[in-house]
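Visitor: the sequence and its predicted three-dimensional model are supplied below.
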Amino acid sequence: MAGMSFSSLSALETEIFHYIEAHQSDFIEDLKEWVAVESDSVQPHLRKEVMRMMSLAAARLAVLGATVNSVSLGSQQLLNGQHLPQPPVILGELGKDPKNLTICFYGHVDVQPARREDGWKTNPYTLTEINGNLYGRGATDNKGPVLAWINAVETYRALKIAMPVNFKFVIEGMEEVGSLGLEELLEEKQGFFSDVDYIVISDNLWLSKKKPALIYGTRGNACFSVEVEGGDKDLHSGTFGGIIHEPLTDLIALLDSLVDPTGQIQIPGIYDAVAPLTDEEKKLYESTEYDIEEHKNNSGVKKLLYNTKEEILLHLWHYPSLSIHGIEGAFHEPGIKTVIPAKVIGKFSIRQVPYMELSDVKQQVVNHLENVFAKRNSPNKLKVSMPLGAKPWVTDVNDPLYKAARRAIRTVFGEDPDFIRDGSTIPIARIFQTITQKRVIMFPIGAADDGEHSQNEKISRRNYIEGTKVFAAFFLEISKLRGQSNETSNPGTK
């Protein structure tokens, strides 16, 4: 395939890559079997399918010769009081050679909801290849990458090549609903990670359609609710309009005070803890492959806030952003209803970056909104809360772990990867690093246009098969790191 010349490879790499190419149809059949399972963790009536998917994944690891422990997480209580069994978390282990380093792979096999009538051009649960793309829910998020990793391990086993590293697996089935219970399990099972040297997460995408990337940072997310309450019932605007302080008017003023038309957050102190932009990071932004027009077209908007690649990436990755998401309690159906709602709740979030502390962000938001509200002299009641907060994550691109991944990518794709951050929030990287104190790498194989969570989700045949090769090459590169410290990198170095 493009980017790789077998003549430049070692005999071992050549043998491995030839096997992967020769068996790509088998690997695609495996993905087809997994995509056919409607393992939607969001909808309660499909929980049995998630459980079935976990059993399939456990069986697949067992075939490799792994020791598999399916750890129960008990049940989940829904808002209506119903209790549902939670799918177990799979802890797998393959190889205990004390001379080898041990890498732990994290992935998930649950998916977001998908229906043909939502706009899919194919059945979302039938893997369908069109023009080299493999369409199906979960193809890229995250069944394809999980299988690519397993396929790479299987290749060594099939060729009877000694495993260059020891493997551990953490595979879950509740990622799409917040990885319920996973953090507590990782705390409880810290002994499982005692001999782990590195943790690999492949649950994200490149920034480009064709150029590989390694991710070294993600933003956090602080979700806020701001409630304004007036009387104890909705009122008629003909009877009370013009003579009372309306809660919705107060709320709109509060929301309007948060961010200006240029995207700058107007909360005092919010930028104080943002790390200065280093020359090294600035160079990474300059060298990153990024198509502004393509990003704009994919979004359907006519204009972005910034005009250059560097400015856009800086505001996606390095600086926090604030987005307003909705208002609860206000009339929103078609037609006119001349009502003054008694209580309204605005919802917004701040994607925070290193080294913004959640507690500081919360206090800054509360102080700002209370000050704005006080100036309105409103008798209504204000309540500000932060129901959800996830921390940002960043690591060092000069870490030997990232250098090993870069060499593997160069071997397979014939070029160095982009080093990028992810503007979204992926709490699992921070959770793993904090609990295990081991180095974490985010190593995607999906392309920017794969459409995770969207209609017509896909992974290309190229990315799936070359991704399998790059993981196989990564194992060899990791084996060369013996004797190097496994302590976590200094997150202040980028």
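Guide: Ah, there it is.
Visitor: can we go C-alpha only for contacts and neighbour counts from here?
Guide: Noted.
Visitor: low pLDDT regions in the stretch 1-150 of the chain?
Guide: The stretch 1-150 of the chain contains residues with pLDDT under 70 at 1-7.
Visitor: try it again at 50.
Guide: Low-confidence segments of the stretch 1-150 of the chain (pLDDT under 50): 1-2.
Visitor: all strands for it, in order.
Guide: Secondary structure of the stretch 1-150 of the chain by DSSP state E, counting those that start in this stretch: the strands cover 67-71, 75-77, 83-85, 89-94, 102-108, 128-130, 133-135.
Visitor: in a markdown table: those, plus mean neighbour count.
Guide: Converted to a markdown table, the strands of the stretch 1-150 of the chain look like this (neighbours: other C-alpha atoms under 10 Å):
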| stretch | mean neighbour count |
| --- | --- |
| strand 67-71 | 16 |
| strand 75-77 | 13 |
| strand 83-85 | 14 |
| strand 89-94 | 22 |
| strand 102-108 | 24 |
| strand 128-130 | 15 |
| strand 133-135 | 25 |
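Visitor: compare these and give me the one nearest residue 249.
Guide: Ranking these by proximity to residue 249 (C-alpha to C-alpha) places strand 75-77 first, at 36.5 Å.
Visitor: elements contacting the closest one?
Guide: Contacts defined by 3 or more C-alpha pairs under 8 Å, 6 or more residues apart in numbering; DSSP states H and E place strand 75-77 against strand 83-85.
Visitor: for the strand it packs on, name the packing helices and strands.
Guide: So strand 83-85, by 3+ C-alpha pairs under 8 Å, 6+ apart, packs with strand 75-77.
Visitor: picking that back up, I'd like the strands of the stretch 1-150 of the chain as CSV, with distance to residue 142 appended.
Guide: Below are those laid out as CSV (distance: least, C-alpha to C-alpha, whole Å):
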stretch, distance to residue 142
strand 67-71, 19
strand 75-77, 22
strand 83-85, 22
strand 89-94, 15
strand 102-108, 6
strand 128-130, 17
strand 133-135, 13
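Visitor: for residue 245, find the nearest of those strands.
Guide: strand 75-77 (39.3 Å).
Visitor: my guess is residue 231 contacts residue 342. True?
Guide: Yes - contact criterion C-alpha atoms under 8 Å: residue 231 and residue 342 qualify, at 5.6 Å.
Visitor: centre-most residue in this structure?
Guide: With distances taken as C-alpha atoms, centre = their mean, the residue of the chain nearest its centroid is residue 426 (4.0 Å).
Visitor: what's the neighbour count on the nearest residue to that residue once chain neighbours are set aside?
Guide: Ranked by C-alpha to C-alpha, 6 or more residues apart in numbering and with sequence neighbours excluded, the top spatial neighbour of residue 426 is residue 218, at 6.6 Å. Neighbour count of residue 218, defined by other C-alpha atoms under 10 Å: 29.
Visitor: go on, residue 43?
Guide: As a burial measure, residue 43 scores 11 neighbours (other C-alpha under 10 Å).
Visitor: any idea how far it is from residue 260?
Guide: Going from residue 43 to residue 260 by C-alpha to C-alpha, to the nearest Å gives 38 Å.
Visitor: shouldn't residue 167 be within a strand?
Guide: Yes - counting by DSSP: H, G, I helix; E, B strand; the rest coil, residue 167 is found in a strand.
Visitor: just checking, residue 141 touches residue 111?
Guide: Yes - Residue 141 lies in contact with residue 111 (C-alpha under 8 Å); the separation is 7.1 Å.
Visitor: which one, of the strands of the stretch 1-150 of the chain, ends up nearest to residue 380?
Guide: Shortest distance between residue 380 and the strands of the stretch 1-150 of the chain, using C-alpha to C-alpha, is found for strand 75-77: 34.4 Å.
Visitor: quick one: contacts of that closest one?
Guide: Strand 75-77 has contacts (C-alpha atoms under 8 Å, 6 or more residues apart in numbering) with 83, 84, 85, 86.
Visitor: can you tell me the closest non-neighbouring residue to the last one?
Guide: The shortest distance from residue 86 to any residue that is not its chain neighbour, by C-alpha to C-alpha, 6+ apart, is 5.0 Å, and that residue is residue 75.
Visitor: does that neighbour have beta-bridge partners, and which?
Guide: Applying DSSP bridges to residue 75 gives these bridge partners: residue 85.
Visitor: and the residue located most distally from the centre of the chain, what element?
Guide: Using C-alpha atoms, centre = their mean, the residue of the chain lying farthest from its centre is residue 239. It sits 49.9 Å away. Here residue 239 sits within helix 237-240, counting by DSSP states H and E.
Visitor: buried residues, that helix. List them.
Guide: Neighbour counts over helix 237-240 (16 or more other C-alpha atoms under 10 Å) mark residue 237 as buried.
Visitor: show me what whichever helix or strand comes after that helix is packed up against.
Guide: Next helix or strand after helix 237-240 toward the C-terminus (DSSP H and E): helix 247-256. Here helix 247-256 touches strand 221-229, strand 343-351, helix 358-374, going by 3+ C-alpha pairs under 8 Å, 6+ apart.
Visitor: now mean neighbour count and distance to residue 155 too, for these, in a markdown table please.
Guide: Below are the helices and strands packed on helix 247-256 laid out as a markdown table (neighbours: other C-alpha atoms under 10 Å; distance: least, C-alpha to C-alpha, whole Å):
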| stretch | mean neighbour count | distance to residue 155 |
| --- | --- | --- |
| strand 221-229 | 21 | 39 |
| strand 343-351 | 21 | 40 |
| helix 358-374 | 16 | 44 |
